[in-house]
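Chemist: Need the 3D shape of this:
(one chain, ligands or ions: 2)
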Amino acid sequence: MVKLRMEAIILSGGFGTRLRPLTYTRAKSLLPIMNKPMISYLIEMLPDTVDTVILAANYKKHQLEEYFERSNTDKTIIVNDEPKPLGTGGAVKFAEKYLTDEFFVLNSDIICSLNLSDMIAFHRKHNAVATISLWPVENVSEFGVAEIQENGNITKFVEKPKQEDAPSNLINAGAYFLESSILDYIETGRLISMEKEIFPQIITDTERFYGYQFKGYWMDIGRIRSYLDIHQYLLTKQNENNHLGKNLLNNGTLNKTVVGNDVIIGKNSKIEKSIILDNAIIEDNTFISHSVIGENSTVCSKSQLSGVVVGDNEQIGTNTIEENKLFWTQEIPKEFPKKQIGNVIGG
Ligand code: GDD
Ligand code: MG
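Modeler: Ligands and ions are numbered 1, 2, ... in the order given. Reported below is the predicted structural model:
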């Protein structure tokens, strides 16, 4: 029988605490990568069989609604507005009303070469109830880690273990293909972590939980460091020295830098390995490296910034010399968590 509909849930509700101050003003999944919102990479990754995308959202959900009103995609996009953050598991349960049968779940902060059609084929071949994508890393302590048998069967899953307690070097790469029976494991209306509470239970109960490994590249864009790294990776991959938006007025020198639209760069200014977002102004005689300059922000002349993140709509005064610093002088959104919480609601 040919299945007519398939859904993908994109978990886009985290605050992006590790990406602040850039996330004080925007939904994490709208953060531009090479001048294109992170979420559009995930939508492009979906196979044709997926016709409906459910964005599990809460923080800054209106921005997502506005973005999809303007953008063109052949898939139906539903912004599923969580009344309060429900965690990765709760958000999946909250999307239940839109699900017809098997479905994908994707973390919104990953960029990778995973082929989701191949993953479905793997899932079917093993008659799995759940298949999660896996990627090898050296330091697993920031991720979910799988103990896996030779045939791909996962026998244990631990979220963010200490390095010495990790069952392998294969981490949860943040894309799942799930049978609808999985939904019965998740309670309604409660903050639930898919990784901490639901995965271990499915493994024990069904013994049909599988891990799909793939080749190519994978990056988690949950942190400023990885946000900078993905740009360096994509510049090299696309064989570009710089990647420039529209209407750039450039009187300086750029190296390994990504520049958004309508940016002005002054005389004798030098920018390397950095990201300059839309409408930013970099005045004369400025040196910027390994930094992110937010939208509508100005870096005044003779400043030297290295490893710095300037939030949107900020002004950095003349002669500022700073290293490894986050710049934010405006009010922090009330709903933003006071500290980083990880994959329950923070990240
Ligand atoms: N709708 C909704 N509601 N989404 C949420 C919520 C919530 O309450 N909390 C987090 N999310 C979203 C985040 O925006 C992100 O896309 C995804 O769920 C995972 O949450 P993160 O906070 O980014 O988790 P993490 O990076 O610490 O760990 C996760 O990703 C790793 C791979 O990048 C886990 O899935 C790990 O097991 C995994 O290895
Ligand atoms: Mg993350």
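Chemist: what's the nearest residue to the one residue in the chain that gets nearest to ligand 2 if we skip its chain neighbours?
Modeler: As assessed by Cβ to the ion, ligand 2 sits closest to residue 222 within the chain, at 3.5 Å. Heads up, the C-betas are built off the backbone N, CA and C, glycines and all. Nearest residue to residue 222, sequence neighbours excluded (Cβ to Cβ, 6 or more residues apart in numbering): residue 109, at 4.8 Å.
Chemist: how near is that neighbour to residue 42?
Modeler: Distance from residue 109 to residue 42, counting by Cβ to Cβ, to the nearest Å: 9 Å.
Chemist: try residue 234
Modeler: Where residue 42 is concerned, residue 234 sits at a distance of 15 Å (Cβ to Cβ).
Chemist: Mind checking which of these two has more residues around it?
Modeler: residue 42 (25 against 18; other Cβ atoms under 10 Å).
Chemist: Could you list the alpha-carbon positions for the host helix or strand of that one in PDB?
Modeler: Assigned by DSSP states H and E, residue 42 falls within helix 38-45. Extracted in PDB, the C-alpha atoms of helix 38-45 (Å, rounded to 0.1, in the frame of the first residue of the first chain):
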ATOM      1  CA  MET A  38      19.200  26.900  10.200                       C
ATOM      2  CA  ILE A  39      15.700  25.400   9.900                       C
ATOM      3  CA  SER A  40      15.700  25.700   6.100                       C
ATOM      4  CA  TYR A  41      18.600  23.200   6.000                       C
ATOM      5  CA  LEU A  42      16.500  20.700   7.900                       C
ATOM      6  CA  ILE A  43      13.500  21.100   5.700                       C
ATOM      7  CA  GLU A  44      15.600  20.600   2.600                       C
ATOM      8  CA  MET A  45      16.900  17.400   4.100                       C
END
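Chemist: ok so, going back, and the gap between the residue nearest to residue 222 and residue 132?
Modeler: 16 Å.
Chemist: ok, and for stretch 190-207, which residues are buried?
Modeler: Residues of stretch 190-207 classed as buried by neighbour count (16 or more other Cβ atoms under 10 Å): 191, 192, 193, 194, 195, 196, 197, 198, 199, 202, 203.
Chemist: mind listing the strands for the stretch 1-150 of the chain?
Modeler: For the stretch 1-150 of the chain, the strands defined by DSSP state E, counting those that start in this stretch cover 7-11, 32-33, 36-37, 52-57, 76-81, 103-107, 110-112, 130-136, 144-148.
Chemist: closest one to ligand 1 among the ones you listed?
Modeler: Closest of those to ligand 1 is strand 144-148, at 2.5 Å (criterion: Cβ to the nearest ligand atom).
Chemist: which strands and helices sit next to the closest one?
Modeler: strand 130-136, strand 154-159, strand 170-178 (3 or more Cβ pairs under 8 Å, 6 or more residues apart in numbering; DSSP states H and E).
Chemist: how many neighbours does the nearest residue in space to residue 35 that is not next to it in sequence have?
Modeler: Excluding the flanking residues, the one nearest residue 35 by Cβ to Cβ, 6+ apart is residue 245, at 5.2 Å. When counting by other Cβ under 10 Å, one arrives at 18 neighbours for residue 245.
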